[in-house]
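Asker: next input, structure requested:
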Amino acid sequence: MLHVCSLADLHATVAATGARYVLTVMGNVDKAERPPSVPEANHLKVSMDDITEAVDGFVAPSAGHVDQVLDFVRGWRRDAPMVIHCYAGISRSTASAFAAACLLNPERDEQSIARQIRAASPSAFPNRLIVTLADQALGRRGRMLRALDTMGPGNMSVEGRPFRVEID
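Answerer: Coordinates of the predicted model:
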């Protein structure tokens, strides 16, 4: 099971779900303290800002970042839940969860995954650049982007509420 949350909800979400894997996708990854119940080897920090094009002073998501995320998800034994979080739990984390669900379910329709994310989180607004790069890496031929367009923007919020993504 994948769970998505904000940095502020990280420790509570890990405790509530029994997660033993954490994926941190945010600009200042040093702000994310690993919950004590998560082994160090099970926590990946990927430093990228929530932008969709190059901006001076910021780190745009790249193919290398997405490859790190996908490799971490590939290595997940699925013996315990994984929490994916960013700063607000709205954009980078939801895009990474969408990519993870598509990776783990190669035959599942992207639209159904996007619909599930929208139903679970009205504030979800997956980062379009991350989704674009994941679509390319997974060979989804633009289907992830079309699903994102169908999903539409999330309700504007400062911070998303934790939610889960079904992967099976």
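
Asker: ok, the residue nearest to residue 152 when sequence neighbours are not counted - how many residues close by?
Answerer: Distances taken as C-beta to C-beta, 6 or more residues apart in numbering put residue 118 closest to residue 152, at 7.6 Å, once the chain neighbours are dropped. Every residue, glycine included, has its C-beta placed from N, CA and C. Number of residues near residue 118 (other C-beta atoms under 10 Å) recorded here: 18.

Asker: quick one: contacts for residue 101?
Answerer: With contacts defined as C-beta atoms under 8 Å, 6 or more residues apart in numbering, the neighbours of residue 101 are 2, 108, 113, 116-117, 165-167.

Asker: surely it forms part of a helix?
Answerer: Yes: under DSSP: H, G, I helix; E, B strand; the rest coil, residue 101 sits within a helix.

Asker: what's the distance between it and residue 54?
Answerer: 28 Å (C-beta to C-beta, to the nearest Å).

Asker: can you tell me the SS state at the residue nearest to residue 152?
Answerer: helix.

Asker: so which residues of this protein form helices?
Answerer: For the chain, the helices defined by DSSP state H occupy 10-17, 63-75, 92-104, 110-120, 128-137, 143-151.

Asker: what's the per-residue pLDDT of residue 157 here?
Answerer: Confidence at residue 157, expressed as pLDDT, is 66.

Asker: residue contacts, residue 70?
Answerer: Counted by C-beta under 8 Å, 6+ apart, residue 70 has contacts 99-100, 103, 134, 137-138.
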